[in-house]
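# Let me see the structure of the following:
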Amino acid sequence: MRRTRRARAALVVVALVIVAGVGGGIVAITSGPHLTPEQIEAARLHREFVAEQHAASTAERLVAAHLPTKTAAPAPLASEPIFTAPLPAHHVVGYVPYWELASVQPADVTDASELVYSSVCPAANGSIDPGQPGSDCAHGLADLSSAALASLVTAAHAAGDRVLLSVETTNDARIETIDAHAGSVAPVLAANLAALERTYGFDGTNIDFEGTNPADREPYVRFARLLTTALRADVPGGEILIDTYAAAAAGSRSFFDPKRLAPLADALFVMNYSLQSNDHGSAGSPLATNDLGYSAVQTLIEYTKLVPPAKLILGVPFYGFDFETVSGRPGALATAAAPSSQPYRAIVHAAFPPLWDPTTETPFSRFVRDGQWHQLWFDDPVSIALKVALAADFHTAGVGAWAYGMEDGNALMLSALTGDRAPLRTPLARRGS
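Now for the predicted structure:
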């Protein structure tokens, strides 16, 4: 275990011992019939923290980079091989939003198992929503017939990849309407998706309904069950991938119910990104934290309590966030309501010196533009490799990225995803069964 992690662990253990001794002096954190609820909770938090630090340290040992222990030290540079030894072969899922079609490189295809075209939108009655002119729904539907997508599908199939069609909505009202009429909507939507998949050569479906209301948790499971049943009848052998939030397995207050959704799909794609705090400069996809906060480690610890690891794909970001901040101090307060997202290619092009945050094991840059401090927090080949190593240690089905094209074919970003070996191309259904 690295010295910085031991130091953080020691501080947390001291804090937990003090909590455990509130009202009765400092006591050892052990199990027994006389412990107070506060002591029991302190013991639980201590066990979780130790487990998190152990998982993070294991991932660090698998990556062939010297990781700085001082905040704001120069970020480590990646070189091939990125890992101390090639990781076990696994699935690599690459999302390709319609606006990145022109940016996808041949390496994106050869270094993937599945590509997911994003996306078309569901209408409330199960038809495909054409969207308003200029909207994502309109562009996603129109680009189905583009030469760029046809070339991508052809190249992917030649490489042995499967290509999935994503159906997506983030509209709570739309989701609630669909769920309320799931019995009639699900088969119609399945039939419409199947028709598009046959026409354009897709090999299955990605279901990307991103709701925010916990009250929709049970209705969404019912709808997903009906939709996946209909899809399996309409597209025999087609893969089904369902997207879920990183924190969904941590409790029952999430829109998603991973335990009940997992049996319906060949795999769950866990969106372990955009986890930043908007009120200060912060990592969007931390490997770990010092307070049991959102992180890749916590995501996998919680998910694997509910879902077999072989049905999980850990999603990582090919983008970062630009925060306007009050100073250049790492983690300084933000001055804008929310950061702006930046693709990795733009971050590389900006060429600001990358620094390292040893707490989250992610890089960041800081700079002044027009008199305003900025902090740019992002993922690079080393931080991606750490999360891929973590997924391998948890024996997940694989990893994936939002989104291909954003990395501009960067060989090191793709090698980090693959684990320094060819991606696994057996069907997800076989891996997750």
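
# for the protein, what's the longest helix?
What stands out as the longest helix in the chain, according to DSSP state H, is helix 37-62.

# strand partners of the helix or strand just after that helix, parallel vs antiparallel please.
From helix 37-62 onward toward the C-terminus, using DSSP states H and E, the following helix or strand is strand 73-74. Using DSSP bridges, strand 73-74 pairs in its sheet with strand 355-357 (antiparallel).

# chain center to the strand it pairs with, what's the gap?
Relative to the centre of its chain, strand 355-357 is centred 21 Å away, using Cα atoms, centre = their mean, to the nearest Å.

# Give me the packing partners of the following helix or strand past it, helices and strands only.
Using DSSP H and E, the helix or strand that follows strand 355-357 in sequence is strand 362-369. Strand 362-369 is packed against strand 355-357, strand 372-377, helix 381-393, with contacts defined by 3 or more Cβ pairs under 8 Å, 6 or more residues apart in numbering; DSSP states H and E. Any C-beta I mention is one placed from the backbone N, CA and C, and that applies to glycine too.

# Next, count neighbours for residue 335.
Residues near residue 335, counting by other Cβ atoms under 10 Å, number 12.

# Could I get the full set of strands for the stretch 151-300 of the chain?
Assigned by DSSP state E, counting those that start in this stretch, the strands in the stretch 151-300 of the chain fall at 162-169, 204-209, 239-245, 267-271.

# a markdown table please, covering these and showing mean pLDDT.
Shown next, in a markdown table, are these (pLDDT from 0 to 100):
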| stretch | mean pLDDT |
| --- | --- |
| strand 162-169 | 98 |
| strand 204-209 | 98 |
| strand 239-245 | 98 |
| strand 267-271 | 98 |
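
# tell me the most buried of those?
Per-stretch averages of neighbours, counted by mean count of other Cβ atoms under 10 Å, single out strand 267-271 among the strands of the stretch 151-300 of the chain, with a mean of 27.

# Direction included, what does it pair against?
When DSSP bridges is applied, strand 267-271 pairs with strand 239-245 (parallel), strand 312-317 (parallel).

# if I pick residue 412, what's in contact with it?
Neighbour list for residue 412: 78-80, 82, 381 [criterion: Cβ atoms under 8 Å, 6 or more residues apart in numbering].

# ugh, wrong one, I meant residue 287
Going by Cβ under 8 Å, 6+ apart, residue 287 touches 56, 59, 295-297, 360-362, 383, 386-387, 390.

# Same question for residue 399.
Here residue 399 is in contact with 90-93, 313-316, 387-388, 391, 417 (criterion: Cβ under 8 Å, 6+ apart).

# same deal with residue 316?
Residues in contact with residue 316 (Cβ under 8 Å, 6+ apart) are 272-273, 285, 296, 379, 384, 387-388, 399-402, 417.

# buried sites along the longest helix of the chain?
The neighbour-count check on helix 37-62 (16 or more other Cβ atoms under 10 Å) flags 39, 42-43, 45-46, 49, 52-53, 55-56, 58-60, 62 as buried.

# sorry, back to before: which one of the strands paired with strand 267-271 lies closest to residue 100?
Closest to residue 100 of the strands paired with strand 267-271, according to Cβ to Cβ: strand 312-317, at 13.5 Å.

# Quick check: next helix or strand after that closest one?
Next in sequence after strand 312-317, counting helices and strands by DSSP H and E, comes strand 319-325.

# Check which helices and strands that following strand sits against.
If you count contacts as 3+ Cβ pairs under 8 Å, 6+ apart, strand 319-325 packs onto strand 340-343, helix 344-350, strand 372-377.

# Out of these, which one sits most buried?
Stretch with highest mean neighbour count among these: strand 372-377 (a mean of 21; mean count of other Cβ under 10 Å).

# list the helices and strands that strand packs on?
Where contact means 3+ Cβ pairs under 8 Å, 6+ apart, strand 372-377 is packed against strand 319-325, strand 362-369.

# what angle sits between the longest one and strand 319-325?
Between the direction of strand 362-369 and that of strand 319-325, the angle (axes from the mean of the first three to the mean of the last three Cα atoms, to 10 degrees) works out to 50 degrees.

# can I get the CA coordinates of strand 362-369 in CSV?
Below are the C-alpha coordinates for strand 362-369, written out as CSV (Å, rounded to 0.1, in the frame of the first residue of the first chain):
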residue,chain,number,x,y,z
THR,A,362,-6.7,11.8,-11.8
PRO,A,363,-5.0,14.7,-13.6
PHE,A,364,-6.0,18.4,-13.7
SER,A,365,-4.6,21.6,-15.2
ARG,A,366,-4.9,25.2,-13.9
PHE,A,367,-4.6,28.4,-15.9
VAL,A,368,-5.8,32.0,-16.2
ARG,A,369,-7.8,33.2,-19.1
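
# residues making contact with it?
Under the criterion Cβ under 8 Å, 6+ apart, residues 75, 281, 283-287, 325, 328, 330, 347, 350, 352-357, 373-380, 382-383 lie in contact with strand 362-369.

# any idea how far the nearest residue to residue 66 once chain neighbours are set aside is from residue 167?
In this structure, residue 66 finds its nearest non-sequential neighbour in residue 76, 5.7 Å apart by Cβ to Cβ, 6 or more residues apart in numbering. Computed as Cβ to Cβ, to the nearest Å, the residue 76 to residue 167 distance reads 39 Å.

# and if you look at residue 278?
Distance of residue 278 to residue 167, given as Cβ to Cβ: 28 Å.

# Quick check on the contacts of strand 362-369: which are buried?
Of these, these count as buried by 16+ other Cβ under 10 Å: 75, 281, 283-287, 325, 328, 330, 347, 354-357, 373-380, 382-383.

# wait, doesn't residue 347 sit right on residue 320?
Yes. Taking contacts as Cβ atoms under 8 Å, residue 347 lies within contact range of residue 320: 5.6 Å.

# Mutual contacts of the two, please.
Shared contacts of residue 347 and residue 320, counting by Cβ under 8 Å, 6+ apart, come down to 376, 378.

# circling back: now render the strands paired with strand 267-271 as CSV, adding distance to residue 193.
Output for the strands paired with strand 267-271, formatted as CSV (distance: least, Cβ to Cβ, whole Å):
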stretch, distance to residue 193
strand 239-245, 11
strand 312-317, 20
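
# Nearest to residue 183, out of these?
Nearest to residue 183 among these is strand 239-245; the distance by Cβ to Cβ comes to 19.3 Å.

# Can you check what angle separates that closest one from strand 162-169?
Per the same axes, to 10 degrees, the angle that strand 239-245 makes with strand 162-169 is 40 degrees.
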